[in-house]
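>>> Sequence first, then the predicted structure:
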Amino acid sequence: MPISKQDYIYRSLKKVSHKGWETFVISRIIHGLDDDDIEFVTQQLVRLSDGSRALTDLYFPQFDLHVEVDEGYHDAEEQKKLDMKRELDIIRRTNHNVRRIKIGNGKDKISDTIRYKSLTDIRHQIDNLVEDIRNLKQQKIRDGDFSAWNLEKRYLAEATIRKGYLDVKDNVVFQVQLEALKCFGFEGEGYQRGAWTIRWDGSNDVVWFPRLYEHGMWKNELTNDGKTIIERAINENEEGIASIAKQRRDEEQYNGRKYIVFAKARDPLGFNLLRYVGTFKMNLDTSSAAEIIFDLVSTREDVRRRLN
């Protein structure tokens, strides 16, 4: 079922409704903008250079802009250092900008309790940010470089094909397998199986749609650093073992082929999506009769088009 913009906005704001000052700041920004053409994401995932994951409080994809809300504890000296390191890592990994809304105002030297900026000050910071975002939009419009938020098109292959590649850091997601397959020359009207082999270009690479959790006879897992997928036959069940043996035989025939992986999962808002998590290769040396190991070889994959 298609995701409506109304449902998306409702779920996004509900998701942060328990987060104190973060709730106040995000709500004021979104209501201050009051612009259905501007896309926003709450709790945007960013994979850091050490393989760990960070969630930024608010993200505006059209402007490559992340917003972080610094509540009181962020004023501690050690936390400031961690925040700065994290921010620089995000900038290096994404080439995006980060803006901070400061809530804390240091510690009271006598009581050693956290002090907060005045509500007037906090509102002023937010309103300045809102104005800056409006100006960014107007500049993009003048440059002919602004595309209005179209939630329906966000999950279609068109924009990715036009861009020419998929990249993990761009958070590429689709609602249905067909849209992912269109990026690699699939010409059918639908596809429901868990994997499709790209034969038309001679590569025999595989577009794979695994469930990265326990399901049926499988327990698949993506490691926290995003670098390894483990496909396990639960309790070494007979059907799973037979499937693994066949996959390993096939791999010996097509040695070195790639697995372009779109993981099936619910996103933080509860929507079922297919997320590009990277391109992998099967590692026969570390695999066994009961599990297959896939190693990450790239976080970027070029789109493939048939030449008609």
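Arrived safely.

>>> and stretch 114-128, which residues are buried?
Within stretch 114-128, the residues that count as buried by 16 or more other C-beta atoms under 10 Å are I114, Y116, K117, I122, Q125, I126. In this view, the C-beta of every residue, glycine as well, is placed from N, C-alpha and C.

>>> between those, which is nearest E152?
I126 (29.7 Å; C-beta to C-beta).

>>> Need phi/psi at that closest one.
I126 adopts backbone torsions of phi -60, psi -50, taken as degrees, to the nearest 10.

>>> who's in contact with it?
V25, R28, I29, G32, I101 (C-beta atoms under 8 Å, 6 or more residues apart in numbering).

>>> TSV for the residues you listed, including distance to R248, pLDDT and secondary structure?
Output for these, formatted as TSV (distance: C-beta to C-beta, whole Å; pLDDT from 0 to 100; DSSP: H, G, I helix; E, B strand; the rest coil):
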residue	distance to R248	pLDDT	secondary structure
V25	52	96	helix
R28	56	96	helix
I29	52	97	helix
G32	56	97	helix
I101	52	94	strand
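
>>> Most neighbours out of the residues you listed, which is it?
When neighbours are counted by other C-beta atoms under 10 Å, V25 leads those with 26 neighbours.

>>> any idea how far the residue nearest in space to the middle of the chain is from T279?
Nearest residue to the geometric centre of the chain (C-alpha atoms, centre = their mean): N171, 3.4 Å. Applying C-beta to C-beta, to the nearest Å, the value for N171 to T279 is 16 Å.

>>> Thought I122 was touching N105, still the case?
No: N105 is beyond contact range of I122, at 10.0 Å (criterion: C-beta atoms under 8 Å).

>>> Can you check the pLDDT for the closest residue to the residue nearest to the centre of the chain other than its chain neighbours?
Leaving aside its sequence neighbours, N171 sits nearest to L45 (C-beta to C-beta, 6 or more residues apart in numbering; 6.7 Å). As predicted, L45 sits at a pLDDT of 76.

>>> ok, how many other residues are close to L45?
Look at L45: counted by other C-beta under 10 Å, it has 16 neighbours.

>>> Just the element for it, please.
Using DSSP states H and E, L45 maps to strand 41-47.

>>> Please identify the buried residues of that strand?
Buried residues in strand 41-47, counting neighbours by 16+ other C-beta under 10 Å, are found at V41, T42, Q43, Q44, L45, V46, R47.

>>> Which two of the residues you listed have the greatest separation?
Within the buried residues of strand 41-47, T42 and R47 form the most distant pair, 17.7 Å apart (C-beta to C-beta).

>>> Contact partners for E179?
E179 is in contact with Y155, L156, A157, counting by C-beta under 8 Å, 6+ apart.

>>> Contact partners for the second one?
Think L156. L156 makes contact with F174, E179, according to C-beta under 8 Å, 6+ apart.
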